[in-house]
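Enquirer: Sequence plus the predicted model coming up.
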Amino acid sequence: MKILIVSGFLGAGKTTFIKALAKNTGCEIAVLENEYGASGIDGDRLAGALADGTVNIWEMTEGCICCSAKGDFAASVLTIANAVDPEYLVVEPTGVGMLGQIIQNLRQIEYERIAILPAITIVDIGSWQHYERDFPELYHNQIREAGTIVLSKTEHSSAEEIAAVQSMIREKNSEAEIVTDYHHLDPSAWMRFLNTGRDKKEHDASENPEALPDSFSLENISLESPERLILFLEELIRGHFGDIIRAKGQVPSGGLVLEFDVAGDRYSIRQPEPGPESEAEAKGKVVFIGRRIDKRTIRHRFISRNAKVKIQSLADLSSGGGDFSWDFESFSS
Ligand SMILES: Nc1nc2c(ncn2[C@@H]2O[C@H](COP(=O)(O)OP(=O)(O)OP(=O)(O)O)[C@@H](O)[C@H]2O)c(=O)[nH]1
């Protein structure tokens, strides 16, 4: 089993890239997601996009895979190797995972049958300056420790914008291959992400990230109509609910189930690709990551039936604790 880590900051485009990788290589791929907050959002999106069932997906929501003190991550990878043994295991850390620590954790279980490939880091061309300024330790760690850097959201970027981000990357990592437009790669070129041979780089697991944001999630919620969702997201990107860096989810809205994403200061809404869960069964699940999140106001914007609320301090999560959840009634009292 070969392990490929696809890292990148919150909302950079990791899940989108993994979908494209699975489709374009046609290889047997399993995915291990480290998610925060409401479970199943990325898993549902991958399952919907790859509905033919050729990909196995697991989620770990109760801990950070950077944390070497907890053996859960390495143990989960070993279990997948022993029980399923896919040709490739793609690991998607949370956007606030320290890449050097994740690779060092995996080193403990590397042997002839488990090979770690050089990691990929996705860099969002529209947000790198902002995130590099606010989270330099974390951001630079993800760039320094990667073997390949893939730029995302470059469709409307100028040559100067691409050159500027390339020069920032080169200062931190002079050896990584930089892929500037993965959406237009030849099908044969996709295999180079998987045919790289083992990772030979030295990795630094000693670094610690700066204070991390918190996460707040709600499940079993809905909205009256699609218009309500638009109004809510407009308020969100204007900062009405705190300093939200990333939000995503799916919400039954009137007669439709809608999927939304907020990354940086932009939002998008779409209908989910058909997956294993039918529209009628689809439950509302939303997660917000940021600082000073106005949880009460957010909660009041949604209609809730036995809503499940979960709050995680991502900083505590990195050291293996700080995760708690309770039902809607006890939250309101
Ligand atoms: N235009 C454009 N949008 C993209 C691209 N990659 C990702 N996106 C959009 O960016 C948003 C976030 O993408 P995801 O793939 O969910 O990002 P992620 O890194 O997996 O997010 P987290 O796991 O929450 O950190 C979604 O709305 C995607 O459709 C890209 O290359 N171009």
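Expert: The structure has been received and is ready for your questions.
Enquirer: how's the protein carved up into domains?
Expert: The record's domain parsing of the chain by automatic domain parsing lists 2-193, 214-332.
Enquirer: Now for residue 304, which secondary structure element holds it?
Expert: strand 303-313 (DSSP states H and E).
Enquirer: and that strand, average pLDDT?
Expert: For strand 303-313, mean pLDDT is 72.
Enquirer: just use 29 as the starting number from now, easier for me
Expert: All set: I'll call the first residue 29, so the last point we hit is now strand 331-341.
Enquirer: so what's whichever residue of the stretch 229-361 of the chain sits closest to the ligand up against?
Expert: Per C-beta to the nearest ligand atom, residue 289 is where the stretch 229-361 of the chain lies closest to the ligand, at 3.2 Å. Placement of C-beta: from N, CA and C, glycine included. By C-beta atoms under 8 Å, 6 or more residues apart in numbering, the contact set of residue 289 is 39, 275-276, 295-296.
Enquirer: just residue 249 next, same as before
Expert: 279, 312-314, 330-333, 335.
Enquirer: out of these, who's nearest residue 104?
Expert: residue 313 (22.1 Å; C-beta to C-beta).
Enquirer: among the domains of the chain, which gets the worst mean confidence?
Expert: domain 242-360 (a mean of 80).
Enquirer: picking up where we left off before, closest to residue 59 out of the contacts of residue 289?
Expert: residue 276 (16.7 Å).
Enquirer: That closest one in helix, strand or coil?
Expert: strand (DSSP: H, G, I helix; E, B strand; the rest coil).
Enquirer: Three-state assignment for the residue nearest to it when sequence neighbours are not counted, please.
Expert: Ranked by C-beta to C-beta, 6 or more residues apart in numbering and with sequence neighbours excluded, the top spatial neighbour of residue 276 is residue 289, at 5.0 Å. Recorded secondary structure, residue 289: strand (three-state DSSP).
Enquirer: Same question for residue 310.
Expert: Going by three-state DSSP: residue 310 is coil.
Enquirer: Closest one of the contacts of residue 289 to residue 247?
Expert: For the contacts of residue 289, the nearest to residue 247 is residue 276 (13.2 Å; C-beta to C-beta).
Enquirer: That closest one pairs with what?
Expert: For residue 276, the beta-bridge partners are residue 289, residue 315 (DSSP bridges).
Enquirer: tally of neighbours for it?
Expert: Neighbourhood size, residue 276 [other C-beta atoms under 10 Å]: 25.
Enquirer: Distance of it relative to residue 261?
Expert: 11 Å (C-beta to C-beta, to the nearest Å).
Enquirer: Need the overlap of contacts for the two.
Expert: Counting by C-beta under 8 Å, 6+ apart, the residues touching both residue 276 and residue 261 are 288, 290.
Enquirer: what residues does the stretch 129-278 of the chain put near the ligand?
Expert: Within the stretch 129-278 of the chain, the residues that sit near the ligand (C-beta under 6 Å from any ligand atom) are 180-181, 183, 274, 276.
Enquirer: any idea how far the closest residue to residue 138 other than its chain neighbours lies from the ligand?
Expert: Leaving aside its chain neighbours, residue 138 sits nearest to residue 144 (5.5 Å; criterion: C-beta to C-beta, 6+ apart). Counting by C-beta to the nearest ligand atom, to the nearest Å, the gap from residue 144 to the ligand is 21 Å.
Enquirer: Could you double-check that residue 144 lies in contact with residue 135?
Expert: Yes - the pair residue 144 and residue 135 passes the contact test of C-beta atoms under 8 Å, sitting 7.2 Å apart.
Enquirer: for the domains of the chain, which one ends up most surrounded?
Expert: domain 30-221 (a mean of 19; mean count of other C-beta atoms under 10 Å).
Enquirer: end to end, how far does it reach?
Expert: Length of domain 30-221, first residue to last, C-alpha to C-alpha, to the nearest Å: 12 Å.
Enquirer: Could you check how far it is from the centre of its chain?
Expert: Its chain's average C-alpha position is 8 Å from that of domain 30-221, according to C-alpha atoms, centre = their mean, to the nearest Å.
Enquirer: Also stretch 316-335?
Expert: 21 Å.
Enquirer: Contacts for it, please.
Expert: In contact with stretch 316-335 (C-beta under 8 Å, 6+ apart) are residues 38, 64-65, 123, 241-252, 256, 260, 268-275, 279, 312, 314, 337, 339, 342, 355-356, 359.
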